[in-house]
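sequence plus predicted model, see below.
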Amino acid sequence: MAATKYCYFQDDDWMIKHLRSMYSNFLRFPNLIHTDTNADVYSSTNWKWCFFDDDIDLHSCYSWVGTGAFTSRENVLKFLKMTSKTEMSSLEFIYGDMYFTTYLNQVPYQLENSLIELPQENGFSLTGKDRMLNKLYMHKALIRLYNYLSLLKSKNNNNPSTQMIEDTKEFSPTLYERDVRSPCHNDKCLFLTNKHSFPNVKLFKYKPYINISESERLHSSFFNTQHFISYPYSHAVDNDNSTAWISQDVIRKDDYIGLDLLLPMPVPLTFNLIIDHKSDYFNHLSIQISHDGSAWVSINNIIFSFIMKILTIIIII
């Protein structure tokens, strides 16, 4: 029913503090649904709840929309068409929010930060029986999507002229091309890094006969996400010097971290960067700033404090 180009979803039992920064990134890539979640769920939605099969162009990761989600009206209409094409029952449609991100067959652009859950009787919980119910419908959605894509692939193979009728290719930026990770605590910037926290999701090829709980077990036996949950991206920009984002993978050449300030700042700004490493580590840092993301100025002084109008800071290792 919405007449606007974009839609926003949020359950009433969650307090979302970072709408401005999430919306700013969404406007760059409005073809991708943007969701907001905490470290625990993020470790599932970017690893255990990602389902890929290149043979049929399946590339879907599940994400809740109740903790904040921006999407285009076009994607909502696409979802409604998919419910018809896959003959979703009226009972299943009641749980449409549990099908939505899966049915789009595009990995949501997810931001990780702390969430505030408000007390509410009979509210949906991220744990317990509600989470099991969610897995049930996640599994049903995946089977329906898998069967639909398999049928589409078969038709295209039998009649190559129909291959471009329905585009099932993965949108850019893909999961491993994205570097926006978390909103800053004050909602005035975004934390960037090209360091991924989980293995390649394509290591596990989706099999419709494996339920979600078993898939989770297989993923967990291969890679434990507890380190990320303890030291998530958001700890880099939570304004708390007692917490930190700690990469589980070693730092390599061309790895970077950065801040995107979203808009040109009308006032001078001061930044303090705290990195807990030995002094020789700093000899290999390259610090650059940019007003527009295209033209960059290098800062040679490693221990730096500066005041200027900027849009983005990138630190390249």
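Everything's here; your move.

helix, strand, or coil at residue 182?
Assigned with DSSP: H, G, I helix; E, B strand; the rest coil, residue 182 falls in the strand class.

what sits opposite it in the beta ladder?
residue 191 (DSSP bridges).

pull the helix or strand with minimum mean pLDDT from the protein.
One helix or strand of the chain scores below all others by mean pLDDT, DSSP states H and E: strand 307-308, with a mean of 34.

domains of this structure: list them as residue ranges, please.
6-168+206-222, 226-316 (automatic domain parsing).

quick one: which of those is nearest residue 183?
domain 6-168+206-222 (3.7 Å; Cβ to Cβ). In short, each C-beta sits where N, CA and C put it, glycine included.

look through this structure and tell me its longest helix.
helix 128-158 (DSSP state H).

for that helix, which helices and strands make contact with it?
strand 58-61, helix 73-85, helix 100-103, helix 212-222 (3 or more Cβ pairs under 8 Å, 6 or more residues apart in numbering; DSSP states H and E).

partner strands of the first one, parallel or antiparallel?
Partners of strand 58-61 in the sheet, by DSSP bridges, are strand 50-53 (antiparallel).

what residues does the partner strand touch?
If you take Cβ atoms under 8 Å, 6 or more residues apart in numbering as the criterion, strand 50-53 is touched by 58-62, 102, 107, 142, 146, 175, 201-202, 204-206, 215.

same thing but at 10 Å, please
Under the criterion Cβ atoms under 10 Å, 6 or more residues apart in numbering, residues 44, 58-63, 102, 105, 107, 138, 141-142, 145-146, 149-150, 153, 170, 175, 198, 200-208, 210, 212, 215, 219 lie in contact with strand 50-53.

kindly give a single PyMOL line that selects the buried subset of those.
Under the burial definition 16 or more other Cβ atoms under 10 Å, those of the contacts of strand 50-53 that qualify are selected in PyMOL by:
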select buried, resi 44+58+59+60+61+62+63+102+105+107+138+141+142+145+146+149+153+170+175+198+201+204+206+212+215+219
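
in three-state terms, label the residue nearest in space to the middle of the chain for me.
By Cα atoms, centre = their mean, the chain has its centre lying nearest to residue 110, at 1.9 Å. Per three-state DSSP, the secondary structure class of residue 110 is strand.

residue 24 touches residue 263, doesn't it?
Yes. Using Cβ atoms under 10 Å, residue 24 makes contact with residue 263 at a distance of 8.0 Å.

between the two, which is the more surrounded one?
residue 24 (18 against 11; other Cβ atoms under 10 Å).

just for the protein, where's the confidence low?
Within the chain, the stretches with pLDDT under 70 are 121-128, 160-166, 265-267, 279, 281-282, 300-317.

what are the ranges of the helices in it?
19-28, 39-43, 73-85, 90-94, 100-103, 128-158, 212-222, 226-230.

tell me the most buried of these?
helix 100-103 (a mean of 26; mean count of other Cβ atoms under 10 Å).

elements contacting that one?
strand 58-61, strand 69-72, helix 73-85, helix 128-158 (3 or more Cβ pairs under 10 Å, 6 or more residues apart in numbering; DSSP states H and E).

wait, which of those is closest to residue 244?
strand 58-61 (26.4 Å).

now that closest one: how far from the chain's centre is it?
13 Å (Cα atoms, centre = their mean, to the nearest Å).

circling back: report the angle between the longest helix of the chain and helix 212-222.
In terms of direction (axes from the mean of the first three to the mean of the last three Cα atoms, to 10 degrees), helix 128-158 departs from helix 212-222 by 90 degrees.

got a list of what the nearest residue to residue 176 once chain neighbours are set aside touches?
Among residues not flanking residue 176 along the chain, residue 196 sits closest, at 6.5 Å (Cβ to Cβ, 6 or more residues apart in numbering). Applying Cβ under 10 Å, 6+ apart to residue 196 gives the contacts 46-47, 175-176, 178-179, 181, 247-249.

buried members of the residues you listed into ChimeraX, please.
Here is the ChimeraX selection string for the buried members of these, based on 16+ other Cβ under 10 Å:
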select :46,47,175,178,179,181,247
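
kindly provide the distance from residue 85 to residue 6.
24 Å (Cβ to Cβ, to the nearest Å).

what do you get for residue 67?
Residue 67 is 18 Å from residue 6, by Cβ to Cβ.

need the overlap of contacts for residue 24 and residue 263.
residue 189.

just the CA atoms of stretch 1-12, as CSV, please.
C-alpha atoms of stretch 1-12 as CSV (Å, rounded to 0.1, in the frame of the first residue of the first chain):
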residue,chain,number,x,y,z
MET,A,1,0.0,0.0,0.0
ALA,A,2,3.0,2.3,0.4
ALA,A,3,3.2,5.1,-2.2
THR,A,4,6.9,6.0,-1.3
LYS,A,5,9.9,4.5,-3.1
TYR,A,6,11.3,3.0,0.1
CYS,A,7,9.8,1.1,3.1
TYR,A,8,11.0,0.8,6.7
PHE,A,9,10.2,-2.2,9.0
GLN,A,10,10.6,-2.4,12.8
ASP,A,11,8.9,-4.3,15.6
ASP,A,12,7.5,-2.3,18.4
